[in-house]
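J.: Build the 3D model from these lines:
(chains A and B)
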Amino acid sequence: MSSLRADLRAAVEAARDSAEAEGEFRRQDGAAWPPISLERPGRPEHGDYATNAAMQLAPVVRDSPMRIAETLKRHLGLPPGIGEVSIAPPGFLNMRLDATWVAGQVGAILEAGPTFGGVRADHPRKINVEFVSANPTGPLTVGNARGAFVGDLLCRVLEGVGHEVTREYYFNDFNAQVLNLGLSVQARREGRPVPEDGYHGDYVAELAAAVPDEIWAEATAEGADVGSILGRWASEGVRAGIEESLARLGVNFDVWTSEGSIHEQGWVTRAIDQLRAAGHIYEADGATWFRSTAFGDDKDRVVIRSNGQPTYFASDLGYIAQKFSRGFEELIYLWGEDHHGTVARNRAAAQALGFDADAVQWMLMAWVRFVRNGVEIGMSKRSGEFISLDELLAEIGPDAARWYFGSRATTTGIDLDIELAKKQSAENPVYYVQYAHARCSSILRRAADDKLAPDTGEAAQLLVHPAEQALVRRLLAMPDVVADAAERRETHELTHYCLEVAQLFNAFYRDCRVLPDEAAEIPLSQARLTLTAAARQVLANALGLLGISAPDSM
RNA sequence: GCGCCGGUAGCUCAGUGGAUAGAGCGUCGGCCUCCGGAGCCGAAGGUCGCAGGUUCGAAUCCUGUCCGGCGCGCCA
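T.: Modelled structure (predicted):
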């Protein structure tokens, strides 16, 4: 499926080149052409698409925007679908779709079916997206919810434009936190108070009660490392619980990678050896350092502590190499913004290890502050004071939760009043969109009862009503919305698009009677049924990308 | 102190340097002879934190400043 906007951009570029070839545009020496941008004007009288190319070109060809616009218009070979091009001061080129062409596209949407809205990426890539990656020392909190939803949504959108995506969860299975978890379980089991820096949540008591006899015997044997043994057992149980929670959200990871496995498979030592051979490693103060400042970091980083233990960052080194070895062309890390301080050293590592740093992207998600009745709720697994993801879901449901987190830019901090969220979940716009979808389904059901079916043929030409036209035009924009989301790695525009389509459908429903009152209305009715089916398809596809259900009745 | 991210309607948030700054929720006022009223129509509500600058044009870019979040470990 091609994108109309991409075709228009190409047409404007061609007009520019044609004008230059005929000597009407004379570029300043060595000046590059500015990129052509196409936008959707805010006002209907400005058409369906507009470009500011003439203004952008003005300093390059040294002419007035209005004259440049005239020249561009003269050279413009329009793709099918554009009915009219006009010029507006100070030099906008406004393009309007041809109504007949628009009406005819409804059939094309239906024929594309579930694939409508996807655009084939210019270069499909094998992409690894790592997200959530919360350490398995306690259940997922609502704080982890954003990462889970946003990460999964990003994956769906990348898949939607043809990339091959692997969802990956990275977890820690042998550090001090896991040890503390083990000691906390032990304390609970023995009826002693949990250590000060241990884990105090109720789930620890549940774990303690569930320790199998053979594990307990092994852990408490003479000379055994109680904390490690219990910690490993407990963290695997917690990890499995996390996997179940995520599955309930519809977030399913393809690969679970433990930090321990990266070490066991030798990735860390090999990476450090490679860096040493390249001269990026030195010893100081008894520790082993990576000269990350040579690659733009603000200080060098320890990889092996003076006590011989590798740092967490050492694992990062090995993990990057491990990921690339698996054939990924692009790595995306979706991290909480509290990790932004570690981005520079990781980028340095990727470069120093010989990888294309541009092939690795670190996305930082702003924090979610949780508030109950105006008081902030801490999200500390250690103190046991947190709201679990499962609790949130039980209150507001996965569709509303996905919509809530999916409709915000990742850089925007969110203040979520948990009580307000519960109250407002009933008013969540997601239901408005789902309702529109159900309404489409209902109309199509009734039509089928009357032996009426959509007609993608000539009848579609009857769709000339403003409400019909506005709806089709918006439906046709879905490939552009999806392509933008994939390219910018920001997916929240999808929810706005869903709302717009639902609103336009409701306006169409209000103004245009779909089912016929008498036989003479049947051709128009069939055309409107086709539009209804197309709207339903687009809503289903967009909701599908969001991971939200599209009910036929509610 | 230094760095990163924010500050837009009562609230929660959109807004790739463009044309008269938007949506949802909330508030107020209307609409059920009619395909789903979880709907529709209308209204009120804004010094885009503040001050300079760049530009034909700034919520958007630059500088400064105030406020908030986060980060600056041989923690993860």
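J.: so how many other residues sit close to the closest residue to RNA strand B within the stretch 351-500 of chain A?
T.: Proximity of the stretch 351-500 of chain A to RNA strand B (CB to the nearest atom of the strand) peaks at A:S442, 2.7 Å away. C-beta: built from backbone N, CA, C; applies to glycine. Neighbour count for A:S442, taken as other CB atoms under 10 Å: 13.
J.: A:M554 is in contact with that one, correct?
T.: No: using CB atoms under 8 Å, A:S442 is not in contact with A:M554, being 10.1 Å away.
J.: contacting residues for the residue of the stretch 351-500 of chain A closest to RNA strand B?
T.: A:D552, A:S553 (CB atoms under 8 Å, 6 or more residues apart in numbering).
J.: can you confirm it is in a helix?
T.: Yes: counting by DSSP: H, G, I helix; E, B strand; the rest coil, A:S442 falls inside a helix.
J.: Distance check, it against A:P551.
T.: Separation of A:S442 from A:P551 (CB to CB, to the nearest Å): 11 Å.
J.: ok, which stretches of the stretch 151-300 of chain A are helices?
T.: A:176-189, A:202-210, A:213-220, A:226-248, A:259-264, A:267-277 (DSSP state H, counting those that start in this stretch).
J.: cool, the stretch 1-150 of chain A as well?
T.: Per DSSP H, counting those that start in this stretch, the stretch 1-150 of chain A carries helices over the ranges A:4-21, A:53-61, A:65-75, A:99-112, A:142-160.
J.: now the fourth one and helix A:4-21, what's the angle there?
T.: Translated: helix A:99-112. 130 degrees (axes from the mean of the first three to the mean of the last three CA atoms, to 10 degrees).
J.: which intervals of the stretch 101-250 of chain A have sub-threshold pLDDT?
T.: Scanning the stretch 101-250 of chain A for pLDDT under 70 picks out the ranges A:121.
J.: ugh, wrong one, I meant the stretch 351-500 of chain A
T.: In the stretch 351-500 of chain A, residues with pLDDT under 70: A:373-375.
J.: residues in it within reach of RNA strand B, list them.
T.: Within the stretch 351-500 of chain A, the residues that sit near RNA strand B (CB under 7 Å from any atom of the strand) are A:364, A:366-367, A:369, A:407-409, A:411-416, A:420, A:424, A:427, A:429, A:431-432, A:435, A:438-439, A:441-443, A:446, A:490, A:492-493, A:496, A:499.
J.: now, which of those lie within helices?
T.: Among those, the residues falling in helices (DSSP state H) are A:420, A:424, A:429, A:431-432, A:435, A:438-439, A:441-443, A:446, A:493, A:496, A:499.
J.: Give me the nearest residue to the spatially most central residue of chain A, chain neighbours excluded.
T.: Centroid-nearest residue in chain A, with CA atoms, centre = their mean: A:L154, separated by 2.1 Å. Nearest residue to A:L154, sequence neighbours excluded (CB to CB, 6 or more residues apart in numbering): A:T491, at 5.8 Å.
J.: coming back round to it: the residue of the stretch 351-500 of chain A closest to RNA strand B and A:Q526: what is the separation?
T.: 17 Å.
J.: and the residue nearest to A:E24 when sequence neighbours are not counted, what is it in contact with?
T.: Once flanking residues are discounted, A:E24 sits nearest to A:T71: 5.3 Å by CB to CB, 6+ apart. Contacts for A:T71 (CB under 8 Å, 6+ apart) come out as A:A19, A:E24, A:F25.
J.: same check, this time on A:D455
T.: A:D455 neighbours (CB under 8 Å, 6+ apart): A:P523, A:Q526, A:A527, A:L529, A:T530.
J.: So which of those sit within helices?
T.: Short answer: the contacts of A:D455 in helices (DSSP H) are A:P523, A:Q526, A:A527, A:L529, A:T530.
J.: which of these count as buried?
T.: A:Q526, A:A527, A:L529, A:T530 (16 or more other CB atoms under 10 Å).
J.: quick one: contacts for the second one?
T.: To tie it back to what came earlier, the one meant is A:A527. Contacts of A:A527 by CB under 8 Å, 6+ apart are A:A103, A:V106, A:D455, A:A459, A:A460, A:Q461, A:L462, A:L463.
J.: circling back to that earlier point, out of the contacts of A:D455, which is nearest to A:H123?
T.: Checking the contacts of A:D455 against A:H123 by CB to CB gives A:T530 as the nearest, at 34.8 Å.
J.: Quick check: closest non-adjacent residue to that closest one.
T.: Using CB to CB, 6+ apart, the nearest residue to A:T530 is A:P454, at 3.9 Å.
J.: likewise A:Q322?
T.: A:W267 (4.7 Å).
J.: same deal with A:S306?
T.: Per CB to CB, 6+ apart, closest to A:S306 is A:G286, 3.5 Å.
J.: I'd say the one you found and A:I304 touch.
T.: No: A:G286 is beyond contact range of A:I304, at 9.5 Å (criterion: CB under 8 Å).
J.: Which single residue of the stretch 201-350 of chain A approaches RNA strand B most closely?
T.: Counting by CB to the nearest atom of the strand, the stretch 201-350 of chain A gets nearest RNA strand B through A:G341, at 2.4 Å.
J.: coming back round to it: of the ones in helices among the contacts of A:D455, closest to RNA strand B?
T.: Nearest member of the ones in helices among the contacts of A:D455 to RNA strand B, counting by CB to the nearest atom of the strand, is A:L529, at 8.9 Å.
J.: Could you name the specific helix or strand carrying the nearest residue to that closest one once chain neighbours are set aside?
T.: Spatial nearest neighbour of A:L529, excluding adjacent residues (CB to CB, 6+ apart): A:P454 at 4.5 Å. Assigned by DSSP states H and E, A:P454 belongs to no helix or strand.
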